[in-house]
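Enquirer: Here you go, sequence then predicted model.
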Protein chains: 2
Amino acid sequence: MSGYELAKLFDGELRNVWTAKHSQIYPELARLLDDGLIRQSASGPRRRRTYSITAAGKAALRAWLIESEPDRSYRHEAMLRVLFLWLLEPGQAEAYLRQEEEFHRAQLAVLKEVQRIRPSGPAQRAQHLAREWGLRLEKALADWSAWARKRIADGYLDSPD
Amino acid sequence: MSGYELAKLFDGELRNVWTAKHSQIYPELARLLDDGLIRQSASGPRRRRTYSITAAGKAALRAWLIESEPDRSYRHEAMLRVLFLWLLEPGQAEAYLRQEEEFHRAQLAVLKEVQRIRPSGPAQRAQHLAREWGLRLEKALADWSAWARKRIADGYLDSPD
DNA sequence: AGATGCATGTAAATAGTTACATGATTCA
DNA sequence: TGAATCATGTAACTATTTACATGCATCT
């Protein structure tokens, strides 16, 4: 893949797995190339260069997977905002959650389309499994947004205690 | 809340919303205090200091909520790893997913316990809504892990194409 | 010919982690 | 009295974003 394609991928269907901007991707590709973990596999118009993983790169990934514990902490700005929804008028809070639901329903539709394509090769199949997670995540987020909005509409946040 | 309590909260029930280490929290509290967005509300043994939000702090939060678009990108290292599971032996991949399921079932149980406590006051109620999301997220993650593991056990990743 | 999208790169600033550092209180 | 936990702080490093910068290719 090229740096440009990676940037698109991170901004698209990998948005709920990992992200990176092109300004981080290009220097990182240069570093990986320098370390022999990837190799340039093709070049195209407009200085386009695609890279593929080397045996050393695969070994490094394997070592990472086996030797380290996953970091299971999340950062979800949209949910962080929910903690402060009590500072807004209920109507504003409802509008926020309505937008969230809309966004996630739209994402869900996009992922469903992509998911129809049959993956070929092990890497594509692993991506298919991760995309299935994306699908479930978007649905859960849309459903939660609708649920929370209804609770707020019922006066959940403004009732005194 | 004190810096120490915030660190615990981020590491505990806010783990799937936002995180920060104490080394980030303390300088940030100093900055917020300096900017008049929080005020010191109490002090205890061992230099313990708790802070509460000021009117200016609330206004700043409101402005953030209303004037900026939420960043809906995620970073989920545990799911990033899934993209590279094809590099492992199927047995190793299954072990990874089994651990993930276990972790999320345990988290689910913890959150369910916390969620039984009735929230008092609007901020607590907003946190309750976010925790309900945490609950749904942990369940979805556990279910997905079990599903993906079964697919891999059925040879999904190693079948040629 | 002009707009749009492809394609890459770098510098400066901000955000966040890891490691180093210290000391008080509580409990066994 | 020794260990664990509470509690805060800082320095160095790494990661990430924002802004600046350039130019080619394709389509209308």
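Expert: Done, it's in. Numbering: from 1, shown residues only, chains lettered A, B, ... in the order given.

Enquirer: how about stretch A:129-143, does it reach chain B?
Expert: Yes: looking at stretch A:129-143 against chain B by C-beta under 8 Å from any C-beta of the partner chain, the contacts come from A:Leu129, A:Ala130, A:Glu132, A:Trp133, A:Arg136, A:Leu137, A:Ala140, A:Leu141, A:Asp143. In short, each C-beta sits where N, CA and C put it, glycine included.

Enquirer: in what helix or strand does the last one lie?
Expert: In this assignment (DSSP states H and E), A:Asp143 forms part of helix A:122-153.

Enquirer: What helices and strands are in contact with that helix?
Expert: In terms of contacts (3 or more C-beta pairs under 8 Å, 6 or more residues apart in numbering or on different chains; DSSP states H and E), helix A:122-153 is packed against helix A:90-115, helix B:77-82, helix B:122-153.

Enquirer: ok, so what distance separates the residue in chain A that DNA strand D sits nearest to from chain B?
Expert: Distances between chain A and DNA strand D by C-beta to the nearest atom of the strand are smallest at A:Ser23, namely 3.0 Å. A:Ser23 sits 15 Å away from chain B, taking C-beta to the nearest C-beta, to the nearest Å as the criterion.

Enquirer: What number of residues are in the vicinity of A:Lys58?
Expert: A count of nearby residues for A:Lys58, using other C-beta atoms under 10 Å in any protein chain shown, gives 14.

Enquirer: circling back to that earlier point, most neighbours among the residues of stretch A:129-143 next to chain B, which one?
Expert: A:Leu141 (26 neighbours).

Enquirer: Next, the contact list for that one, please.
Expert: A:Glu100, A:His104, B:Trp133 (C-beta atoms under 8 Å, 6 or more residues apart in numbering or on different chains).

Enquirer: Give me the angle between the helix holding A:Asp143 and helix B:90-115.
Expert: If you take axes from the mean of the first three to the mean of the last three C-alpha atoms, to 10 degrees, helix A:122-153 sits at 10 degrees to helix B:90-115.

Enquirer: buried ones in helix A:122-153?
Expert: For helix A:122-153, the neighbour count (16 or more other C-beta atoms under 10 Å in any protein chain shown) marks A:122-123, A:125-142, A:144-149, A:151-152 as buried.

Enquirer: try stretch A:2-15
Expert: A:Ser2, A:Gly3, A:Leu6, A:Ala7, A:Leu9, A:Phe10, A:Glu13, A:Leu14, A:Arg15.

Enquirer: residues near the closest residue to the last one other than its chain neighbours, how many?
Expert: Counting by C-beta to C-beta, 6 or more residues apart in numbering or on different chains, B:Ser73 is the residue found nearest to A:Arg15 once chain neighbours are left out, at 5.1 Å. In terms of burial, B:Ser73 registers 18 neighbours under the definition other C-beta under 10 Å.

Enquirer: doesn't B:Ser73 fall inside a helix?
Expert: No: counting by DSSP: H, G, I helix; E, B strand; the rest coil, B:Ser73 is not found in a helix; it is coil.

Enquirer: my guess is it contacts A:Thr19, does it?
Expert: Yes: with contact defined as C-beta atoms under 8 Å, B:Ser73 counts as touching A:Thr19 (4.4 Å).

Enquirer: re the thing from before, list the residues that contact the residue nearest to A:Arg15.
Expert: Here B:Ser73 is in contact with A:Arg15, A:Asn16, A:Thr19 (criterion: C-beta under 8 Å, 6+ apart).

Enquirer: Can you classify the first one as helix, strand or coil?
Expert: Which is A:Arg15. Secondary structure, three-state DSSP: A:Arg15 is coil.

Enquirer: pLDDT score for the residue nearest to A:Arg15?
Expert: pLDDT, B:Ser73: 90.
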